[in-house]
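Asks: Have a look at this fold, sequence not included:
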């Protein structure tokens, strides 16, 4: 692996982009949840989200006039794992679509964020998705434990659960914690793809293609088993907005693929946390779920954990990585 650095830091712009993408994650989860609750179910809602992400990413490539160059990059450099990392996003898409209508956006986001925080610390320590390993110090380990404690406060408090109280919160919370941890693998992998391809949209394309293929297989199995017989889709004319999860997913993937090379996996998570949690709480405040003290306390704890783990790093502005199978 060869790393090349040049002058001029893009850390601040990358952090802003990551924070905005965090807000988009919360909005995407809300829309996918509404689509699932309207009769589509979490699997069909997730499939629409992935297909929309793939179509939007292709349109971005066409509008930029970079289809030929992208095809050349894929023929020359693409590896099988470029597409496989897209599968890492399936659990979080399905989990958010199924969990948000039950526990609300804020609690679902707390759970996913805790998983992302812990997993990103581990990946950074191993140098996955970043040019150099970032040592797991006592501060960063304490941050990970604090994030897990915040998750425990949220799910044991049972805040926001509509049916089943604390038991439902625990089930949804643990599921989304694991989904968030898996999602970090996609972010790290896309960061490496961006470094090789020189274009975050390429990472978005391969990730979306792999994820779409994976969730289409799941959809086919569900159809064969008859589990889609009761699916109903909301009117795309009157309820068009619930189908916007896909285009939002394209923005999230491309933004994270670009930002991770400048921030590292954990600091990327830090920035995403801020935007995601603020947006999630605003959505819940504006809706019927509302906020309970365990969710607010957990948000504060996870925010403190991510701030605790941040330590000075040399800015990375351009990266060249040689990856072979």
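Replies: Structure received. Predicted model, so just to flag it, every value in this text is computed and none were measured.
Asks: contacting residues around residue 253?
Replies: The neighbours of residue 253, taking Cβ atoms under 8 Å, 6 or more residues apart in numbering as the test, are 53, 57, 89, 186, 190, 203, 204, 207, 208. Yep, even glycine has a C-beta here, placed from its N, CA and C like the rest.
Asks: These: which two are farthest apart?
Replies: Greatest spatial distance among those (Cβ to Cβ): 57 and 186, at 14.1 Å.
Asks: For the helix or strand hosting residue 108, name the packing helices and strands.
Replies: Residue 108 belongs to helix 105-126 when assigned by DSSP states H and E. Applying 3 or more Cβ pairs under 8 Å, 6 or more residues apart in numbering; DSSP states H and E, one finds that helix 105-126 contacts helix 11-35, helix 90-103, helix 138-157, helix 165-197, helix 265-286, helix 293-309.
Asks: closest to residue 115 out of the ones you listed?
Replies: Minimum separation from residue 115 across those (Cβ to Cβ) falls at helix 165-197, 2.9 Å.
Asks: The helix or strand just after that closest one - what's its average pLDDT?
Replies: For helix 165-197, the succeeding helix or strand toward the C-terminus, using DSSP H and E, is helix 200-224. Mean pLDDT, computed over helix 200-224, is 94.
Asks: buried sites along helix 200-224?
Replies: Neighbour counts over helix 200-224 (16 or more other Cβ atoms under 10 Å) mark 200-212, 214-215, 219, 222 as buried.
Asks: For residue 277, give me its contacts.
Replies: Contacts of residue 277 (Cβ under 8 Å, 6+ apart): 22, 26, 106, 109, 110, 113, 299, 302, 303.
Asks: Please name the nearest non-neighbouring residue to residue 278.
Replies: Spatial nearest neighbour of residue 278, excluding adjacent residues (Cβ to Cβ, 6 or more residues apart in numbering): residue 23 at 7.0 Å.
Asks: low-scoring stretches of the stretch 201-325 of the chain, by residue?
Replies: Where the stretch 201-325 of the chain drops to pLDDT under 70, the residues are 266, 287-291, 306, 309-325.
Asks: hmm, 90 instead?
Replies: Residues of the stretch 201-325 of the chain meeting the criterion pLDDT under 90: 227, 229-230, 236, 249-325.
Asks: ok, back up a step: of the contacts of residue 277, closest to residue 146?
Replies: residue 302 (7.5 Å).
Asks: What is the burial count for that closest one?
Replies: 29 (other Cβ atoms under 10 Å).
Asks: So for the nearest residue to it once chain neighbours are set aside, what's the pLDDT?
Replies: Among residues not flanking residue 302 along the chain, residue 150 sits closest, at 4.3 Å (Cβ to Cβ, 6+ apart). pLDDT for residue 150: 76.
Asks: Would you enumerate the residues in contact with the most centrally placed residue in the chain?
Replies: Residue closest to the mean C-alpha point of the chain, counted by Cα atoms, centre = their mean, is residue 183 at 5.6 Å. Residue 183 is in contact with 88, 89, 91, 92, 112, 115, 116, counting by Cβ under 8 Å, 6+ apart.
Asks: same deal with residue 236?
Replies: Contacts of residue 236 (Cβ under 8 Å, 6+ apart): residue 243.
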